[in-house]
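>>> What follows is a protein structure lacking sequence information:
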C-alpha cells in the first residue's frame with residue numbers, strides 16, 4: 001500500500017532546527033478553546049516548515065511528507081509561501097510540481113494510490129492536478145486504474161483504499177473555479193462501492209468486504225472510517241445520510257472517556273485521531289460537539305493538543321513516545337485546522353505568486369493523456385485514460401475519440417465513432433446511435449452537457465464526459 005498506515009507511522013528523529021524546543025512541556029488535558037486551536041495551528045505550521053529540505057522538497061523516493069501540503073492548506077498557509085531560508089526559487093510548490101512532472105517521481109511499479117496522493121497534495125498546493133505539465137495529468141492517471149469488470153473500483157478491488165482515495169481525489173480536487181471535475185455518473189458509481197463496503201458496525205477498513213458476510217461482520221477501523229466517510233461527503237452525500245450517520249456513530253462509540261482518543265486498532269494515537277477527525281470535518285460534523293465530548297469533558301481534538309509539543313509544534317504518534325513524528329504531525333495539524341483530506345489552496349502572500357499554477361496548452365510532439373468517460377445511458381459506464389501526442393496547442397473531440405479506439409487504458413472505452421472523420425455532430429459511439437431527443441452530448445470539466453461535435457476544442461487537462469440521453 002502506498003498510503004501509509006498507522007502501523008508504519010514510525011516517529012522520526014526530531015529536526016535539529018527545533019533544538020530543545022521539541023521536547024518542551026506538553027499541555028494538560030482541557031477542552032480545546034479557539035485560542036488554543038489557533039496556537040496549535042501556528043506552532044504546527046512552524047514544525048512542518050522545519051521538515052522542508054534545503055532544496056525545497058518534501059517528497060522523494062520512499063517519502064510522503066508532501067501530505068504536509070494538505071495540512072498547510074487547511075491551516076491557511078499557501079504552499080508556495082513555504083521556502084527554505086526565504087528563497088522563493090525553492091518554494092515547496094515549484095519543487096513539488098517539478099517532481100510530479102518527471103518519470104522519476106514514481107517507482108517502476110506504480111499503484112493507483114500514488115496518483116491519488118499526488119492529486120490531493122497537488123490540489124492543496126495550488127497545482128491543477130490535471131495540468132501539472134505538458135505530459136502529466138494526474139486525473140487521467142487515476143482513470144487508467146478503473147476496473148472494467150468491477151465498475152466503481154479503482155485499482156485491485158481487494159485493496160479497497162484505492163477506491164476510497166479515488167473518491168477523495170476525483171471529487172475533492174475540484175476545478176480551479178471550485179466546480180465538480182468529474183461527471184455525476186462516475187461519482188455515483190464510486191459512491192455505490194463505498195456504501196457496499198461499509199461494515200455492519202458502521203466502519204470501514206482498507207480491505208474489500210462487499211458481498212462477504214464474514215468481512216461485513218468484522219470490525220471497522222478508525223483510519224479508513226474517517227477516510228471513507230470523507231469520501232462519501234466530498235462526493236455530495238449529506239451528513240444526514242444513513243451511512244454517514246452510521247460512520248459518525250461508529251467513531252463516537254470508539255471514544256476513550258479519559259482522553260478523547262479514538263480506540264483504534266493501534267491504540268490511541270494522533271494519526272488515527274487525525275484521520276477520524278478529518279472524516280468528521282469533511283462531513284461538516286464538529287469533533288468537539290456534544291456527541292464527541294466524553295463524560296469527563298474530553299474531545300478528539302483535546303487528545304491531539306495534549307500530544308503536541310509547545311511551542312515547537314510537532315505531535316507525538318502515541319502518548320508514550322518521547323519525540324514528535326513527522327507523519328503524525330501532518331495528520332494531527334490537518335485535523336486541528338478543520339481540514340478533510342485536501343483543501344483548496346489559500347491565496348499566497350508571496351508577491352506575484354498566483355493561487356494556482358497549471359499547464360495552459362498542449363505542447364506539440366509531447367505525449368500526454370486525457371481523462372474520458374463514456375456513458376451509454378443504459379448503465380454501462382466506461383472510464384479510461386487516453387494517450388496521444390498532440391500536434392498543436394489544442395486538439396479536437398474527434399481526435400481524442402480516435403486515439404481512444406487504440407490507446408485507452410483500460411481498453412475498450414471507445415470502439416467506434418460515427419462519423420469517423422471530418423467535422424459535424426457525432427451520431428453514434430460504440431454502435432449506439434442518436435435516437436430522437438436522445439443524442440450523444442459532451443461535457444468538459446463538469447460543464448453543462450451540449451451536443452457532441454467532432455470539431456469541439458479540447459484543451460490540455462480537460463476531463464471529457466460523453467453521455468447518451470436527453
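Nice, thanks for sending it over. Values in this document were obtained by computation on a predicted structure and should not be read as measured data.

>>> now the strands for the chain?
Taking DSSP state E as the test, the strands found in the chain are 368-375, 381-388, 395-396, 408-409, 417-418, 428-429, 432-433, 439-444, 450-451, 457-458, 463-469.

>>> Can you list the strands that the last one pairs with?
This means strand 463-469. Counting by DSSP bridges, the strands paired with strand 463-469 are strand 368-375 (parallel), strand 439-444 (antiparallel).

>>> and residue 194, which of the strands of the chain is closest to it?
strand 381-388 (15.9 Å; Cβ to Cβ). Just so you know, the C-beta spots here come from the backbone N, C-alpha and C atoms, and that holds for glycine as well.

>>> by contact count, what packs against that closest one?
Judged by 3 or more Cβ pairs under 8 Å, 6 or more residues apart in numbering; DSSP states H and E, strand 381-388 is in contact with helix 138-143, helix 184-196, strand 368-375, helix 397-404, strand 408-409.

>>> Pull the distance from it to the chain's centre.
Centroid separation between strand 381-388 and its chain, computed with Cα atoms, centre = their mean, to the nearest Å, is 20 Å.

>>> do stretch 102-115 as well
Chain-centre distance of stretch 102-115: 16 Å, with Cα atoms, centre = their mean.

>>> Show the contacting residues for the residue nearest to residue 459 when sequence neighbours are not counted.
In this structure, residue 459 finds its nearest non-sequential neighbour in residue 394, 5.6 Å apart by Cβ to Cβ, 6 or more residues apart in numbering. Residue 394 is in contact with 361, 362, 457, 458, 459, 460, counting by Cβ atoms under 8 Å, 6 or more residues apart in numbering.

>>> and if you look at residue 235?
Residues near residue 235 by Cβ under 8 Å, 6+ apart: 167, 171, 187, 190, 191, 194.

>>> any idea which of the residues you listed has the most stuff around it?
Using other Cβ atoms under 10 Å as the neighbour test, the contacts of residue 235 are led by residue 167, with 29 neighbours.

>>> who's in contact with the closest residue in space to that residue that isn't next to it in sequence?
Leaving aside its chain neighbours, residue 167 sits nearest to residue 231 (3.7 Å; criterion: Cβ to Cβ, 6+ apart). If you count contacts by Cβ under 8 Å, 6+ apart, residue 231 has them with 164, 165, 167, 168, 171, 190, 194.

>>> how does it look with 6 Å?
By Cβ atoms under 6 Å, 6 or more residues apart in numbering, residue 231 lies in contact with 164, 167, 168, 194.

>>> Pretty sure the second one sits against residue 190.
What that stands for is residue 167. Yes: Residue 167 lies in contact with residue 190 (Cβ atoms under 6 Å); the separation is 4.8 Å.

>>> Quick check: which of the strands of the chain is buried the most?
By mean neighbour count, with neighbours taken as mean count of other Cβ atoms under 10 Å, strand 368-375 ranks first of the strands of the chain at a mean of 25.

>>> Flag every buried residue along stretch 48-58.
48, 49, 50, 51, 52, 56, 57, 58 (16 or more other Cβ atoms under 10 Å).

>>> Let me fix that, I meant to ask about stretch 354-373.
If you call a residue buried by 16+ other Cβ under 10 Å, then stretch 354-373 has these buried ones: 356, 357, 358, 359, 362, 363, 368, 369, 370, 371, 372, 373.

>>> thinking again about what came up before, what would the strands of the chain look like in a markdown table with mean pLDDT?
Output for these, formatted as a markdown table (pLDDT from 0 to 100):
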| stretch | mean pLDDT |
| --- | --- |
| strand 368-375 | 98 |
| strand 381-388 | 98 |
| strand 395-396 | 98 |
| strand 408-409 | 98 |
| strand 417-418 | 98 |
| strand 428-429 | 98 |
| strand 432-433 | 98 |
| strand 439-444 | 98 |
| strand 450-451 | 97 |
| strand 457-458 | 98 |
| strand 463-469 | 98 |
